[in-house]
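Q: have a look at this prediction, sequence included:
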There are 2 protein chains.
Amino acid sequence: MQEGTEISPGHPAETWRGDVYAANCPTRLLLDRIADKWTVLLLTTLADGPMRFNALKRRVEGVSQKMLSQTLRQMERDGLAVRTVEATVPVSVTYAVSPLGLTLVQAIQPMIDWAETRMPEVEQAQQVYDRRST
Amino acid sequence: MQEGTEISPGHPAETWRGDVYAANCPTRLLLDRIADKWTVLLLTTLADGPMRFNALKRRVEGVSQKMLSQTLRQMERDGLAVRTVEATVPVSVTYAVSPLGLTLVQAIQPMIDWAETRMPEVEQAQQVYDRRST
DNA sequence: CCAGTTGGTTACCAATGGAAACCAGGTGTG
DNA sequence: CACACCTGGTTTCCATTGGTAACCAACTGG
């Protein structure tokens, strides 16, 4: 997830225009970064306001410390989140969404809304499918 | 991804209302299903029109046959895609987005649009980050 | 009869993710 | 001083996941 995510050099920009099919279109690149269990969750959580490392850990049920620090570092690298270290005692590290990250949160909001209204239909479809196939 | 994705029985529906934090809120459930490398890609590809198995494989660069069949089956179970077998020779299997799937495609469209316009900023952020930390 | 089409499944192996231990740096308590 | 405990991590180890490639079944056309 870290390596090989840069735009492959030598590919003219026009190659991918509109293709979700080509491996280097922007949608693929975006999915390479946010299509994991935690990034979207952390992004929306941070959208409610800046939060410290352990607060995030407590609030987002099920994140391991490892994935939390790993995902946050990646979000920082991608310019979606901002990490601030305050030299208090003990040291406190605060994470916040960047302006760019906020635009992504807004772009993802319709998907969240879809989940809230449509997930029951998905569950129902699963039940129908499972009953048919057993 | 197949097991443990059903709504945990015994959890009152009010538990998750609004919490992205709780493990059983609809957003988490949605992410459990679409936050992988292929589902979103296949969904948007199928949104252009129904397509046969091997056509999908050829068009979506990089999908293995295994993940293609696995992801399509899951999308069918979730009610997002419809699988149609025509008893021609050789047999032809066509996949299409369901009406429910189409509403999801529309819900993720803003995210796709974000990718098209904002990914350059992400790449720039990465370069700045990498230069700082080396 | 053999190659090639269709749409898969299976076996094997490398990479990813999660649980828990460990670490550094500092405070406060007995 | 020794010890427990807070902060925010990193490391280790193991289970699950995903990719590669081989195999399979059913049928056709040469």
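A: On my side now, so go ahead. Numbering: from 1, shown residues only, chains lettered A, B, ... in the order given.

Q: quick check: residue A:96 is in a strand.
A: Yes. Assigned with DSSP: H, G, I helix; E, B strand; the rest coil, residue A:96 falls within a strand.

Q: distance of the closest residue to residue A:92 other than its chain neighbours from residue A:50?
A: Excluding its sequence neighbours, the residue lying closest to residue A:92 (Cβ to Cβ, 6 or more residues apart in numbering or on different chains) is residue A:86, at 4.9 Å. In this view, the C-beta of every residue, glycine as well, is placed from N, C-alpha and C. Going from residue A:86 to residue A:50 by Cβ to Cβ, to the nearest Å gives 11 Å.

Q: neighbour count winner among those two?
A: residue A:50 (13 against 10; other Cβ atoms under 10 Å in any protein chain shown).

Q: give me the phi and psi angles of the more buried one.
A: phi -60, psi 150 (degrees, to the nearest 10).

Q: and the strands in chain A?
A: Counting by DSSP state E, chain A has these strands, from start to end: A:51-52, A:81-86, A:92-97.

Q: ok, now which ones touch residue A:107?
A: B:110-111, B:113-114 (Cβ atoms under 8 Å, 6 or more residues apart in numbering or on different chains).

Q: so for the lengthiest helix in chain A, what's the average pLDDT?
A: If you go by DSSP state H, chain A has its longest helix at helix A:99-133. Helix A:99-133 comes out with an average pLDDT of 95.

Q: now check stretch A:34-43, is it near chain B?
A: Yes. Residues of stretch A:34-43 are located near chain B by Cβ under 8 Å from any Cβ of the partner chain, namely A:34-37, A:40-41.

Q: just put these in CSV and tack on neighbour count.
A: CSV is the format used below for those (neighbours: other Cβ atoms under 10 Å in any protein chain shown):
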residue, neighbour count
A:34, 20
A:35, 20
A:36, 19
A:37, 16
A:40, 24
A:41, 24
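
Q: taking those together, which two end up most distant?
A: A:35 and A:41 (12.3 Å; Cβ to Cβ).

Q: which residues do these two both contact?
A: With Cβ under 8 Å, 6+ apart, residue A:35 and residue A:41 have no common neighbours.

Q: quick check: nearest residue in space to residue A:98, chain neighbours excluded?
A: Leaving aside its chain neighbours, residue A:98 sits nearest to residue A:82 (5.1 Å; criterion: Cβ to Cβ, 6+ apart).

Q: okay but the one you found is in contact with residue A:76, surely?
A: Yes. Between residue A:82 and residue A:76 there is a contact under Cβ atoms under 8 Å: 7.0 Å.

Q: and the gap between residue A:64 and residue A:115?
A: Using Cβ to Cβ, residue A:64 is found at 23 Å from residue A:115.

Q: same question, residue A:43
A: Here residue A:43 is placed at a distance of 14 Å from residue A:115 (Cβ to Cβ).

Q: now do residue A:51
A: Computed with Cβ to Cβ, the distance linking residue A:51 and residue A:115 is 22 Å.

Q: ok, the two, which is more surrounded?
A: Taking other Cβ under 10 Å, residue A:51 and residue A:115 do not tie; residue A:115 has more neighbours (22 against 18).

Q: who's in contact with the more buried one?
A: Per Cβ under 8 Å, 6+ apart, neighbours of residue A:115: B:26-27, B:29-30.

Q: likewise residue A:77?
A: Counting by Cβ under 8 Å, 6+ apart, residue A:77 touches B:125-126, B:129-130.

Q: and the two most separated of those?
A: The most widely separated members of the contacts of residue A:77, counting by Cβ to Cβ, are B:125 and B:130 (9.6 Å).

Q: so if I had to pick from those two, which one is more boxed in?
A: Per other Cβ under 10 Å, whichever of residue B:125 and residue B:130 has more neighbours is residue B:125, with 18 against 11.

Q: surely the more buried one and residue A:100 touch.
A: Yes. Look at residue B:125 against residue A:100 with Cβ under 8 Å: they come within range, at 7.2 Å.
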